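> quick one, structure for this:
(2 chains)
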Amino acid sequence: MEKEVVKDIARMDEDFSKWYTDIVTKAGLVDYSPVKGFMVIKPYGYEIWENIQKELDKKFKETGHKNAYFPLLIPESMLNIEKEHVEGFAPEVAWVTHGGEEKLEERLCIRPTSETIIATMYAKWVKSYRDLPVLINQWANVVRWEKTTRPFLRTTEFLWQEGHTLHETSEEAMDETIKMLNIYAELFEEFLAIPVIKGEKSNKEKFAGAENTFTIEALMHDGKALQSATSHYFGDRFAKAYNIKYQGRDSKEATPFQTSWGMSTRSIGGIIMTHGDERGLKLPPKVAPIQVIIVPFAQHKEGVLEEVDKLRITLKNKFRIEADIRDSYTPGYKCNDSELKGIPVRIEIGPKDIEKGECILFRRDTYEKKSVSLDNLENEIERLLEDIQKNMFEMAKENRTNKTHVAKSLDEIKEILSKEQSLIKTAWCGDRECEDRLKEETSATIRCIPFDEEKIADTCGLCSKTANNTVYLAKQY
RNA sequence: CGGGAUGUAGCGCAAUUGGUAGCGCACGUGGUUUGGGACCAUGGGGUUGCAGGUUCAAGUCCUGUCAUUCCGACCA
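Got it, this is the predicted structure:
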């Protein structure tokens, strides 16, 4: 393809950060708010989130979970109960200290996550093994006082869901942890067309207070990794700390085993950075708020708008479809606009097409156009959307493959990273010192210890001791 | 939180040694256009991020502060 200069959008190969913020604002997803670190999610961006919510919520319900809602504010004393958890979150919580003009007896934190308050409530609710399992999810906002913020990827307040479950046995809790990780992986791969690597976090990287943290990691177009969702196994640590007890089948007092799992609006940043290109956003059909847009040509000519409306009405039961009949813009402008917004399929139709009983279908992922008979449009579009969804996943996977390298020593890692940001597979002894050294010298981190990954070396790529694991390294968002 | 950069109309920018703010796009109105970011005419829009200070006079100089952004450290 010839080099084209797209107005107003930085080139992604020249300045990826600028490209990202250009897309996010110019496609109408977010705007900056007057409060530092807080962003406004505009309707088009919010619709993407709603589509993700709808799909994920369906999966949660199918697996027996129910939604509930817990308070925004958590008393300081309640947060302080589990030591590792507080230490992990204390530096980034926002505090409420006054009600009106009156100073509060005890300050309240705005939830950075809800383990503490939910565990407190669970302690009241669970008395018998018959009360288990508890399978609750909440859709909520949380606040973490981050130093550096970027729309979707890291904002002070963000939207997410957090599931919190209790189980009778550790096996059952561990099964739940993995089950939910799999649900996230399915959502990312099948719905968002983002290939992910499932694995476990190192001790250094795991959630504050968890026994094990599992993650799905995705590789962005610029070679940086995005932690896309996490699922935590708590064992009985929180339950003990928060005094959740029940009478077991054997009539003895027992402590349940706990999990939590979450995914946030950050996933929207993942969509943008996985699929976007020089012309703008590129949305997988399944999440796209508008799947098909009709752009009329010569819309002032008789019969065009009528035909457009007829098409829209015929197709609207099947697809999320809109017609861009704005009077003050030319078709060319509308085409560019639909590409900036990432709409997967565009129908171009004008008097000449109508005469022939045809229209032109444009696909956003490959820029291909073809003429299609109006009689067969519904089937064509359906096939096309499926194909785009599949192709976008394949393209993302190919990009990941191209940016994945194997390294057997720290020098090799450095050499690879000096050429290009990428995902690096290496062997690891499991020692924290090696992990710290990696970060210090390359600023890359261990993203995860993947499930089902073949052994690539016998010795640690960082220290040459015996390797226990294969790990993925990358710089991260 | 450390280091750098930038804040002038919605966006992008200009304004000479300090002399009282302008251009393009966007927006309103009227008209002509419409097969890949249309054109003509006309109009509206500003406490120059904010607060001080220096000066006869500050967008311009000084101090502070806030925000955005990039690079680090910290995290979904």
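> what helices or strands is the top helix by length along chain A leaning on?
Of all the segments assigned as helix in chain A under DSSP state H, the longest by residue count is helix A:377-402. Using 3 or more C-beta pairs under 8 Å, 6 or more residues apart in numbering; DSSP states H and E as the contact definition, the elements that helix A:377-402 packs against are helix A:266-275, helix A:304-315, strand A:345-349, strand A:358-363. C-beta here means a position set from N, CA and C on the backbone, and glycine is covered the same way.
> just put these in a markdown table and tack on mean neighbour count, distance to residue A:455 and mean pLDDT.
Converted to a markdown table, the helices and strands packed on helix A:377-402 look like this (neighbours: other C-beta atoms under 10 Å; distance: least, C-beta to C-beta, whole Å; pLDDT from 0 to 100):
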| stretch | mean neighbour count | distance to residue A:455 | mean pLDDT |
| --- | --- | --- | --- |
| helix A:266-275 | 24 | 29 | 96 |
| helix A:304-315 | 16 | 52 | 95 |
| strand A:345-349 | 23 | 44 | 98 |
| strand A:358-363 | 20 | 41 | 97 |
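> out of these, flag the one nearest residue A:468.
With distances scored as C-beta to C-beta, the stretch of the helices and strands packed on helix A:377-402 nearest to residue A:468 is helix A:266-275 (29.8 Å).
> what about the closest one, near RNA strand B?
Yes: using C-beta under 7 Å from any atom of the strand, helix A:266-275 reaches RNA strand B at residue A:266.
> return the distance of that helix from the chain's centre.
Remark: helix A:266-275 is offset 7 Å from the chain centroid, using C-alpha atoms, centre = their mean, to the nearest Å.
> same check, this time on stretch A:126-133
Here the centre of stretch A:126-133 is set off from its chain's centre by 33 Å, with C-alpha atoms, centre = their mean.
> residue farthest from the centroid of chain A?
In chain A, counting by C-alpha atoms, centre = their mean, residue A:302 sits farthest out from the average C-alpha position, at 45.7 Å.
> what kind of secondary structure is that one in?
For residue A:302, the reduced secondary structure class is coil; criterion used: DSSP: H, G, I helix; E, B strand; the rest coil.
> kindly report the same for residue A:107.
Per three-state DSSP, residue A:107 ends up strand.
> RNA strand B versus that one, what's the distance?
In this structure, residue A:107 and RNA strand B are 18 Å apart, going by C-beta to the nearest atom of the strand, to the nearest Å.
> check what pLDDT that residue gets.
Here the pLDDT value assigned to residue A:107 is 91.
> try residue A:338
95.
> over to residue A:434?
At residue A:434, the pLDDT value in this model is 90.
> count the residues that sit near the residue in the stretch 351-477 of chain A that RNA strand B sits nearest to.
Here the stretch 351-477 of chain A gets closest to RNA strand B at one residue, residue A:352, 3.1 Å apart by C-beta to the nearest atom of the strand. Using other C-beta atoms under 10 Å, residue A:352 has 11 other residues around it.
> that one is in what secondary structure piece?
Assessed by DSSP states H and E, residue A:352 sits inside helix A:351-356.
> what's the following helix or strand after the helix or strand harbouring residue A:44?
Under the assignment given by DSSP H and E, the secondary-structure element containing residue A:44 is helix A:43-62. Sequence-wise, the next helix or strand beyond helix A:43-62 is strand A:66-67, with elements assigned using DSSP H and E.
> quick one on the thing from earlier: other residues contacting the helix holding residue A:352?
In this structure, residues lying in contact with helix A:351-356 by C-beta atoms under 8 Å, 6 or more residues apart in numbering are A:297-298, A:301, A:303-304, A:307, A:359-360, A:371.
> run the chain-centre distance for that helix.
On the basis of C-alpha atoms, centre = their mean, helix A:351-356 is displaced by 43 Å from the centre of the chain it belongs to.
> that concludes my questions; thank you for your assistance.
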